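Student: Starting from these lines, generate the structure:
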Amino acid sequence: MRGLAILLGYTLLGNAIHTLLSVPISGNVIGMVLLVISLFAGWIKLAWIEETAQFFLKHMMIFFAPVIVGTMMFFGVIGDQWIVVVVTLIVPTIIVLLVTAGIAARQSGKVKERTYE
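Tutor: Next up is the predicted model:
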């Protein structure tokens with residue numbers, strides 16, 4: 001029960017920060033970042049939340065059910081706009097892959113820095 005209280009507390013704290021400060025980051029993400037900081041700082045012990053976190057991970061499909069139902073409800077709209085959906089899914093993915101590959105290659109030393117003289 002303590003693990004659930006901790007996870008819900010950080011979620012509520014993140015949502016409160018999001019609402020009060022009007023930050024453009026989701027309150028859930030803020031809460032997760034605060035939880036990670038607390039874990040690394042030693043304020044929260046992993047053992048306190050591990051069992052609850054494992055339960056949520058095991059039953060994660062339950063959390064995706066609303067998204068699946070929403071997709072099925074708007075299947076006609078998605079079907080009408082399939083080109084836009086495909087382009088907005090594929091193009092950004094390719095861009096992220098290329099940028100990540102470029103950064104990884106540069107960091108590993110496979111790409112040499114250009115010197116301009």
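Student: for this protein, what's the longest helix?
Tutor: helix 82-108 (DSSP state H).
Student: Beyond the strand or helix carrying Leu8, next helix or strand please.
Tutor: Using DSSP states H and E, Leu8 sits in helix 2-21. Using DSSP H and E, the next helix or strand after helix 2-21 towards the C-terminus is helix 27-41.
Student: which regions of this structure lie under the pLDDT threshold?
Tutor: Regions of the chain meeting the criterion pLDDT under 70 cover residues 110-117.
Student: Would you point out which residue is most central in it?
Tutor: For the chain, the residue sitting closest to the mean C-alpha position, by C-alpha atoms, centre = their mean, is Val29 at 7.0 Å.
Student: Please name the spatially closest residue to it (chain neighbours excluded).
Tutor: Once flanking residues are discounted, Val29 sits nearest to Gly14: 7.0 Å by C-beta to C-beta, 6 or more residues apart in numbering. (Each C-beta comes from the backbone N, C-alpha and C, glycine too.)
Student: And Ser38, by the same measure?
Tutor: Per C-beta to C-beta, 6+ apart, closest to Ser38 is Ile44, 4.4 Å.
Student: Next, the contact list for the one you found, please.
Tutor: Ile6, Leu35, Ser38 (C-beta atoms under 8 Å, 6 or more residues apart in numbering).
Student: any idea how far Val85 is from it?
Tutor: When C-beta to C-beta, to the nearest Å is the yardstick, Ile44 and Val85 sit 40 Å from each other.
Student: tally of neighbours for Gln107?
Tutor: Neighbour count of Gln107, defined by other C-beta atoms under 10 Å: 9.
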